[in-house]
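> What shape does this take:
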Amino acid sequence: MATGTEEHAAEGGGLAIHPMDQFIVKPLFGDGPVHWYTVTNVTLWMAIAVVALLGMFVLATRHRGIIPSRLQSVAEMLYGFIHKMVEDVTGHEGLKYFPYIMTLFMFIFLSNFLGLLPMAFTTTSHIAVTAVMAMAVFLTVTLVGLYRNGIGFLGIFWVTAAPLVLRPILALIEVISYFVRPVSHSIRLAGNMMAGHAVMKVFAGFAGVLGAGAVLPIVAITAVYALEMLVSFIQAYVFAILTCVYLRDALHSPHH
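Numbers count the residues shown, from 1 in each chain. All right, here's what the predicted structure looks like:
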């Protein structure tokens, strides 16, 4: 959650809470400027998420017992959940892309939950991280659509069910909507994660100032924290299911 210590008793005796400080990207070594090659707190927590993902499934599938362990049960449940989602949304043809969607879901899922740990950093609250994932999905879907359907893939922009006079206008709207996809895809995830953590930081600041009388802020933090756990799962699910929806458009073009 990366709340840190709350600052209070600011100038004039007022309250100073800085909820956005937890999202500052800092180098792990030294205090110099951050470049594209700098190892930062974002790099660290992304690496931890990847290691956690690999460790979880390696440990869960190590024995492959007929009577599964708790970790194996969790891994199998997540695997089955995403597998069913991909098949339901994209059809049987989309299952070949299941590993990609499963990896996306698990990385976002673990990054979101790791960000709820004290002093952690929520990598998915940064648009730079979510935008890269959204752009990767956008390019993948576009290339798959062009490879499978050729020029017929452009048929997704031509609404044949509409009156002929309206089709050019609707085509323009569809084109704009298509290229806005990575923007909405990335902002939705980053915005939700950032907002929840900022709210928790504000309540934590009030709790720090009130001391022993901070019953209401503590109750509020507990409620928001529980809500954030739910949001962490939902946002990973939304990102994955939108990827499936976009992939379905590429696989089942109107001219395919």
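
> low-confidence ranges in the stretch 1-150 of the chain?
Confidence mapping of the stretch 1-150 of the chain against pLDDT under 70 gives the ranges 1-16, 65.

> try it again with 80
By pLDDT under 80, the weakly predicted segments of the stretch 1-150 of the chain are 1-19, 30, 32, 36, 60-69.

> Going along the chain, name the strands of it.
Counting by DSSP state E, counting those that start in this stretch, no segments of the stretch 1-150 of the chain form strands.

> ok, which stretches of it are helices?
For the stretch 1-150 of the chain, applying DSSP state H, counting those that start in this stretch gives helices covering 41-60, 70-90, 98-114, 127-149.

> where does the stretch 151-256 of the chain have low pLDDT?
Within the stretch 151-256 of the chain, the ranges that satisfy pLDDT under 80 run 203-218, 253-256.

> Where do the helices of it begin and end?
Under DSSP H, counting those that start in this stretch, the stretch 151-256 of the chain gives helices at 167-210, 215-251.

> Adding mean neighbour count, write those out as a markdown table.
Heads up, the C-betas are built off the backbone N, CA and C, glycines and all. Listed next are the helices of the stretch 151-256 of the chain as a markdown table, based on neighbours: other Cβ atoms under 10 Å:
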| stretch | mean neighbour count |
| --- | --- |
| helix 167-210 | 17 |
| helix 215-251 | 17 |
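
> To Ile151, which of those lies closest?
Evaluated over the helices of the stretch 151-256 of the chain, closeness to Ile151 peaks at helix 215-251, with 13.8 Å, by Cβ to Cβ.

> buried ones in stretch 45-58?
By neighbour count on 16 or more other Cβ atoms under 10 Å, the buried set for stretch 45-58 is 45-46, 48-49, 52-53, 56-57.

> Of the residues you listed, which pair is most distant in space?
Spanning the widest gap among the buried residues of stretch 45-58 are Trp45 and Phe57, at 19.1 Å by Cβ to Cβ.

> got the buried residues of stretch 45-58 as a markdown table, with distance to Phe157 columns?
Output for these, formatted as a markdown table (distance: Cβ to Cβ, whole Å):
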| residue | distance to Phe157 |
| --- | --- |
| Trp45 | 39 |
| Met46 | 35 |
| Ile48 | 41 |
| Ala49 | 36 |
| Ala52 | 40 |
| Leu53 | 36 |
| Met56 | 41 |
| Phe57 | 39 |
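
> Of those, which is the nearest to Pro168?
Scanning the buried residues of stretch 45-58 for proximity to Pro168, where the rule is Cβ to Cβ, the winner is Met46, at 43.8 Å.

> does the closest one really touch Thr123, like I thought?
Yes: when contacts are counted by Cβ atoms under 8 Å, Met46 is listed as touching Thr123 (5.1 Å).

> Quick one: residues contacting Phe98.
82-83, 86 (Cβ atoms under 8 Å, 6 or more residues apart in numbering).

> rewinding a little: for Cys244, find the nearest of the helices of the stretch 1-150 of the chain.
That would be helix 70-90 among the helices of the stretch 1-150 of the chain, by Cβ to Cβ, at 3.9 Å.

> name the helices or strands packed onto that closest one?
helix 41-60, helix 98-114, helix 215-251 (3 or more Cβ pairs under 8 Å, 6 or more residues apart in numbering; DSSP states H and E).

> one step back: as JSON lines, the contacts of Phe98 with neighbour count and distance to Ile67 would be great.
Converted to JSON lines, those look like this (neighbours: other Cβ atoms under 10 Å; distance: Cβ to Cβ, whole Å):
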{"residue": "Ile82", "neighbour count": "24", "distance to Ile67": "23"}
{"residue": "His83", "neighbour count": "14", "distance to Ile67": "22"}
{"residue": "Val86", "neighbour count": "27", "distance to Ile67": "27"}
